[in-house]
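Student: Below are the sequence and a predicted model for it; my questions follow.
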Amino acid sequence: MHNSGYHHTSRRSAPHEHASRCIAFVDARFIDWLGDKEDAERHTARLDGLRALLENLLEDAHLAHELLRIYWYSSDCEPVNGLLLRSVAAETADTGVSMVLSMSRDMMALTSQGACDQVLVVSDDDRLLPVIDHMQSCGVRVCILADESAQDLSTLTKSDPAWASVLRQADVRLMVSSAELERCLWGEGAAEGSQRRSAAGREDQGLRQGRHRQSSSSPVDEAAMRSHLGPMVASWWTSMESEAQAELARQLPEQRGLPQETDRSLLLHLSQQLGRPLTLHEKKAMREMARDVVNSSQMEISGPADIPV
């Protein structure tokens, strides 16, 4: 496999010259997102090709001499030689909490045992940041697998600050293109099929499924999205106790976004309503509409808050 063309060593931590042992922690849903997989195609990756892909990325970046082990976190998986499977709940069931807890436990245990000099994290979940920071404080180099968006962190910080924060924490960022992932995990010719899907367009869907972060080249019907999400945000607001509403209204002027617990509650509510995780554009719209409904409720004498669409 040829070099994917990009790796970055952070200035925040100098590379370990003699680091040679690496363990990979792979979030299966993130792999599906990187490969641009729709619902019917998820969990179809040829996992026997995963080791070769990761080993080549590490070798091209002159990192680990040996990939000791791969942990695979998935809600739907079959045994594969060379992979340690960790069964976790589907993200639609618990917004990825079980995956984060399971991966964090493994990372902490292996770090405390001195099992490796570096780790390769294949996930975009910013809830892993505390354990990533802990591993680095113990002298472990942390590599993060990323898509092409990692090449422009300034832009990414504005569009997806959570993902950007994960990438900024990395000692090394390794980039893989969706075409390269297709070739390695879904077989030769799969990339052509992906291009045909893209050419066919997804305007009828309106929104990409799963955790997909939509690029600027993927058009989004903003009005339709807000019209779809508005009633869900309204039902979340009206289901809150009056005391909780008042407290949120008090906190909101002091923050640019939403308080962390409020954000999680709202994300869980909407993902349960939709039956899937929200896209980046949906999350952004959700937070804006939540602020709108809280602010408008403070100005209304009576009646339910309107959701601007």
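Tutor: Everything's here; your move.
Student: Please pull out the lowest mean pLDDT helix or strand from this protein.
Tutor: Within the chain, judged by mean pLDDT, DSSP states H and E, the helix or strand with the poorest mean is helix 190-200; its value is a mean of 39.
Student: can you count the residues close to the residue nearest to Trp72 when sequence neighbours are not counted?
Tutor: Of all residues not flanking Trp72 in the chain, Leu83 sits nearest, at 4.7 Å (Cβ to Cβ, 6 or more residues apart in numbering). Backbone N, C-alpha and C define where each C-beta goes, glycine included. Applying the criterion other Cβ atoms under 10 Å, we find 20 residues in the vicinity of Leu83.
Student: do Asp221 as well
Tutor: Here the count is done by other Cβ under 10 Å, and Asp221 has 13 residues near it.
Student: what's the pLDDT at it?
Tutor: Note for Asp221: predicted pLDDT of 79.
Student: any idea how far it lies from Glu243?
Tutor: For Asp221, the distance to Glu243 under the criterion Cβ to Cβ, to the nearest Å works out to 37 Å.
Student: next one: Met175
Tutor: Distance, Met175 to Glu243, using Cβ to Cβ: 47 Å.
Student: which one of these two has more residues nearby?
Tutor: Neighbours per residue (other Cβ under 10 Å) separate Met175 from Glu243, with Met175 holding more: 21 against 8.
Student: which residues does the more buried one bridge with?
Tutor: Taking DSSP bridges as the rule, Met175 bridges to Ala146.
Student: my read: it touches Ala146, true?
Tutor: Yes. Between Met175 and Ala146 a contact is recorded at 5.4 Å, counting by Cβ atoms under 8 Å.
Student: Show the residue spans covered by the strands in the stretch 51-200 of the chain.
Tutor: Using DSSP state E, counting those that start in this stretch, the strands assigned to the stretch 51-200 of the chain run over residues 66-74, 83-87, 118-122, 141-146, 172-175.
Student: Please tabulate the ones you listed in TSV, including the columns distance to Trp236 and mean pLDDT.
Tutor: Rendered in TSV, the data for these read as follows (distance: least, Cβ to Cβ, whole Å; pLDDT from 0 to 100):
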stretch	distance to Trp236	mean pLDDT
strand 66-74	29	91
strand 83-87	30	92
strand 118-122	32	95
strand 141-146	32	94
strand 172-175	35	93
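Student: Please convert those to a markdown table, extending it with distance to Ser227.
Tutor: Conversion of the strands of the stretch 51-200 of the chain to a markdown table gives the following (distance: least, Cβ to Cβ, whole Å):
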| stretch | distance to Ser227 |
| --- | --- |
| strand 66-74 | 34 |
| strand 83-87 | 38 |
| strand 118-122 | 35 |
| strand 141-146 | 33 |
| strand 172-175 | 36 |
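Student: out of those strands, which comes closest to Trp163?
Tutor: Between Trp163 and those, the tightest spacing by Cβ to Cβ is seen for strand 141-146, at 8.4 Å.
Student: what packs against that closest one?
Tutor: With contacts taken as 3 or more Cβ pairs under 8 Å, 6 or more residues apart in numbering; DSSP states H and E, strand 141-146 sits against helix 50-60, strand 118-122, helix 129-137, helix 161-169, strand 172-175.
Student: Quick check: which of the ones you listed is buried the most?
Tutor: Of all the helices and strands packed on strand 141-146, strand 118-122 has the most neighbours on average by mean count of other Cβ atoms under 10 Å, namely a mean of 25.
Student: Run the chain-centre distance for that strand.
Tutor: Here the centre of strand 118-122 is set off from its chain's centre by 15 Å, with Cα atoms, centre = their mean, to the nearest Å.
Student: strands paired with it, and their directions?
Tutor: In the sheet containing strand 118-122, its partner strands are strand 21-27 (parallel), strand 141-146 (parallel), by DSSP bridges.
Student: Can you say which of those strands is packed in most?
Tutor: By mean neighbour count, with neighbours taken as mean count of other Cβ under 10 Å, strand 141-146 ranks first of those at a mean of 25.
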